[in-house]
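Enquirer: Sequence plus the predicted model coming up.
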Amino acid sequence: MSAQIFKDSDTDRKFRPVWYLSRGLIYGVLILWAIVCLFPIFWTATTAFKTAPDVMQGNIIPWIDFTPNWLGWRSLGLSPDTIGNESTVREEFLKRFWNSTVVSVTASLFAVVLGSCAAYGLSRFSYKFGFMRNSDISFFFLSQLILPPVVLALPFLVLYKSLDLLDTRIGLIFLYTLTVLPIVIWIMRDQFSSIPTELEEAALVDGLSIWGAFSTIVMPIALPGMVAAFILSLVLTWNEYFFAALLTSSAAKTLPVMVASQTGSQGISWWSMAALSFAAIVPLIIIGIILERYIIKGMAAGAVK
């Protein structure tokens, strides 16, 4: 018995360096990947505090390569010395920020609600439309993403002009909902398919309706997928530029259009563009951090159910 214990301890000592080496390699790769992913955000944040020579020389590290200043934020009226004064640029930024918030959040919510209902039907019932079955219908929704946006530019421009939806937030909401709806349907169909139907059958036996079983049993379990679909839809609609530039002119213009307009006769104002971009990135980061907690809660609720 004692000999076996000594043999096991010798084996542990033999494989312990290998274990530490493998763990160190894994953490090293993860740290490297985190640096690669976070570097664009770091570069954007630091560029907002640079001057033109610092940008052209490629200085990166604050207080070592360059001295930070508020030039980029001052051009938007968001620096400490201008935040208390009236600024037409700041008012313009807040207006575009509000447009992006209303359009992207509303479109994402509509897409999650409609896409979840469609995905639930495709995962629980059998449909037949000509030669198409459930899998064909699901692929049809996803195939709508194959078309490049420029192909749809003229039809939407003519349609929105006839419906008087040009330069309106409601027009962008309708379009963005249609744009991200296929992705939501595809994500939620897989989510609902992974939920056992026995749970709903038991709920129906207990007297619940189909909608009651969906809202009380299925939806809490599928909440992580809904939140993930909402975050993905929010990111896609928040960053969309092509249709926002095409279908808006002044009233419904969004942040990506304002970011792209930071050019002048002397070239691109990189510091202003970086400040605008960073201000547009921060809300998505905050929303991602907040909703991550809801994903964990949804997974815990699903496990309890």
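Expert: Perfect, thanks for sending it.

Enquirer: Which strand or helix spans the residue sitting nearest the centre point of the chain?
Expert: Residue closest to the mean C-alpha point of the chain, counted by Cα atoms, centre = their mean, is V235 at 2.6 Å. In this assignment (DSSP states H and E), V235 forms part of helix 219-238.

Enquirer: Name the next helix or strand downstream of that helix, please.
Expert: Moving toward the C-terminus from helix 219-238, the first helix or strand encountered (DSSP H and E) is helix 242-247.

Enquirer: downstream neighbour of that following helix in the secondary structure list?
Expert: Tracing the chain past helix 242-247, the next element assigned as helix or strand by DSSP H and E is helix 255-260.

Enquirer: now that following helix: how far from the chain's centre is it?
Expert: Distance of helix 255-260 from its chain centroid, counting by Cα atoms, centre = their mean, to the nearest Å, is 17 Å.

Enquirer: all strands of the protein, in order?
Expert: 263-264, 267-268 (DSSP state E).

Enquirer: mean pLDDT lowest for which of those?
Expert: Between the strands of the chain, the one with the least mean pLDDT is strand 263-264; it has a mean of 68.

Enquirer: ok, back up a step: now tabulate the strands of the chain in TSV and tack on mean neighbour count.
Expert: In this view, the C-beta of every residue, glycine as well, is placed from N, C-alpha and C. Compiled in TSV, these are given as follows (neighbours: other Cβ atoms under 10 Å):
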stretch	mean neighbour count
strand 263-264	10
strand 267-268	10
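
Enquirer: Report the contact partners of the residue nearest to the centre of the chain.
Expert: Residues in contact with V235 (Cβ atoms under 8 Å, 6 or more residues apart in numbering) are L284.

Enquirer: And for G72?
Expert: Residues touching G72, when contacts are defined by Cβ under 8 Å, 6+ apart, comprise T47, A48, F49, K50, S269, W271, S272, A274, A275.

Enquirer: wait, which of those residues is closest to I137?
Expert: Of all those, I137 sits closest to A274, with 44.1 Å by Cβ to Cβ.

Enquirer: ok, D54 touching W63?
Expert: No - with contact defined as Cβ atoms under 8 Å, D54 does not count as touching W63 (11.9 Å).

Enquirer: got the buried residues for the helix holding V235?
Expert: Burial within helix 219-238, assessed by neighbour count using 16 or more other Cβ atoms under 10 Å, is assigned to 219-238.

Enquirer: ok, now stretch 96-109?
Expert: Going by 16+ other Cβ under 10 Å, stretch 96-109 has these buried residues: R96, F97, N99, S100, V102, V103, S104, V105, T106, A107, S108.

Enquirer: Can you tell me which of the residues you listed lies closest to L78?
Expert: Each of the buried residues of stretch 96-109 was checked against L78 using Cβ to Cβ; the closest is F97, at 11.1 Å.

Enquirer: Mean pLDDT per helix and strand in this structure: which one sits at the bottom?
Expert: For the chain, scoring each helix and strand by mean pLDDT, DSSP states H and E identifies strand 263-264 as the least confident one, at a mean of 68.

Enquirer: which residues does V89 contact?
Expert: S75, L76, G77.

Enquirer: Return the closest of those with respect to L114.
Expert: Proximity of those to L114, judged by Cβ to Cβ, is greatest for L76, which lies at 36.3 Å.

Enquirer: Do you know the pLDDT at the closest one?
Expert: As predicted, L76 sits at a pLDDT of 84.

Enquirer: So it is in contact with S272, correct?
Expert: Yes - the criterion here is Cβ under 8 Å, and L76 meets it with S272 at 6.5 Å.

Enquirer: So which bits of stretch 253-267 are buried?
Expert: Across stretch 253-267, burial judged by 16+ other Cβ under 10 Å covers K253, T254, L255, P256, V257, M258, V259, Q262.

Enquirer: Taking these together, which two end up most distant?
Expert: The most widely separated members of the buried residues of stretch 253-267, counting by Cβ to Cβ, are T254 and Q262 (14.3 Å).

Enquirer: what stretches of the protein score poorly on pLDDT?
Expert: Counting by pLDDT under 70, the chain contains low-confidence ranges at 1-16, 264-266, 293-305.

Enquirer: where along it do the helices fall?
Expert: In chain order, the chain shows helices spanning 2-47, 52-57, 71-74, 88-124, 134-143, 153-162, 169-193, 197-205, 210-213, 219-238, 242-247, 255-260, 270-304, with DSSP state H as the criterion.

Enquirer: how about the strands of the chain, which one is nearest I289?
Expert: strand 267-268 (31.0 Å).
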